[in-house]
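Undergrad: With the input below, show me the fold.
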Amino acid sequence: MRPRFRQPSPPGVNSQWLTPLLMIGLLTEKGVTVEVEDLQEKPYIDMTLRWLAKVGVQFDNTDWRLFHVPGGQSWKAFEGTVPLDWESACFPLVAAAITDSDITLHGLDMFDAQGDRDIVRILREMGADVEVRDNGRGGIRVRGGRSLHGIEVDCGDIPDAPPILAVLGTQAEGRTVLYNLHASRLKETDRPRSIYEELLKMGGKLYWESDDRLVIETSDLTGAQIDGRHDHRIVMATACAALVASGTTTISNAEYAKVSFPTFFEVMTSLGAPFELEGESEYAG
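TA: Modelled structure (predicted):
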């Protein structure tokens, strides 16, 4: 009998429960079938399926609801380039948009499966000056200094982005609304709640319309003692907030940026960000 799994409640919210089952199915004798209700974070599953196809694995995807990977398969050798990380790119791109900066990032691909490439659309809709060359491979340039305005953002496919989007919202006129946040609340921390609490310390104007809708209003931020919460996304987002805050911001657990962006502070410092290392585990900016 072929093994069959149903995801635990809430169904479909966290793609990280599905990806390993899809990857292990080919190594089983009879294959694996996974039924998922209301799948979110689809770009991550799309990324998984693209890589399975690239290494010669057969699979079926029925309406993003029923997945089957036949057993008895094996990977084939390949040569390829691992795509650059769009989520890591979000931090310097947003930092440029909210400061009087001009940066260009190279090597990103607008046709990649990663959902966080949507940051280009989000920044443009908010009024940022964004130039995309050769679908990203020739560089993505963001020039700050423009007036930004709030929009509503569906975060269902970009669950890592709410922390930096909340920071972006503090520098936009009007209201920025982040919704469909359930997947984001199941990461290293409850990220929407974490960034909400840390930005409040900095004078941010944020409130909840429901447990799934966070509203951010234009805010004059001030320096504060920030708890990085052992979460790389919270550390990097609050570091970007510090760039537009008056006074000094000190971030604990800043070394956790290394989880996904080991050279984050070095890169940002090379771009002119006034970060300084304090001791072995804290950065201040």
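Undergrad: The stretch 101-250 of the chain: helices as residue ranges?
TA: For the stretch 101-250 of the chain, helices defined by DSSP state H, counting those that start in this stretch occupy the ranges 119-125, 162-170, 191-201, 232-242.
Undergrad: Those helices into TSV, with extra columns for mean pLDDT?
TA: TSV is the format used below for the helices of the stretch 101-250 of the chain (pLDDT from 0 to 100):
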stretch	mean pLDDT
helix 119-125	98
helix 162-170	98
helix 191-201	98
helix 232-242	98
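Undergrad: Would you convert these into JSON lines that also reports distance to Pro70 and mean neighbour count?
TA: Where C-beta positions appear, they are placed from N, C-alpha and C, glycine not excepted. Converted to JSON lines, the helices of the stretch 101-250 of the chain look like this (distance: least, CB to CB, whole Å; neighbours: other CB atoms under 10 Å):
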{"stretch": "helix 119-125", "distance to Pro70": "36", "mean neighbour count": "19"}
{"stretch": "helix 162-170", "distance to Pro70": "37", "mean neighbour count": "28"}
{"stretch": "helix 191-201", "distance to Pro70": "36", "mean neighbour count": "22"}
{"stretch": "helix 232-242", "distance to Pro70": "36", "mean neighbour count": "29"}
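Undergrad: Any idea which of those gets closest to Ser252?
TA: Closest approach to Ser252 among the helices of the stretch 101-250 of the chain is made by helix 232-242 (8.7 Å; CB to CB).
Undergrad: could you point out which element follows that closest one?
TA: Going down the chain from helix 232-242, the next helix or strand is strand 250-251, by DSSP states H and E.
Undergrad: so how far is that following strand off the chain centroid?
TA: Strand 250-251 sits 21 Å away from the centroid of its parent chain (CA atoms, centre = their mean, to the nearest Å).
Undergrad: can you pull the contacts of Thr48?
TA: Residues in contact with Thr48 (CB atoms under 8 Å, 6 or more residues apart in numbering) are 18-19, 22-23.
Undergrad: oh sorry, the question was meant for Glu79
TA: By CB under 8 Å, 6+ apart, Glu79 has no neighbours at all.
Undergrad: let's number from 766 now, not from 1
TA: Got it, first residue is 766 now, which makes that one Glu844.
Undergrad: a strand runs through it, doesn't it?
TA: No: according to DSSP: H, G, I helix; E, B strand; the rest coil, Glu844 belongs to no strand; its state is coil.
Undergrad: How much space separates it from Glu962?
TA: Per CB to CB, to the nearest Å, Glu844 is found 46 Å from Glu962.
Undergrad: and what of Leu858?
TA: Taking CB to CB, one finds Leu858 at 24 Å from Glu962.
Undergrad: how does the chain divide up, domain by domain?
TA: 769-834, 851-1049 (automatic domain parsing).
Undergrad: Dump the ones you listed into JSON lines; add distance to Trp840 as well.
TA: Supplementary listing: the domains of the chain in JSON lines, determined by distance: least, CB to CB, whole Å:
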{"stretch": "domain 769-834", "distance to Trp840": "4"}
{"stretch": "domain 851-1049", "distance to Trp840": "19"}
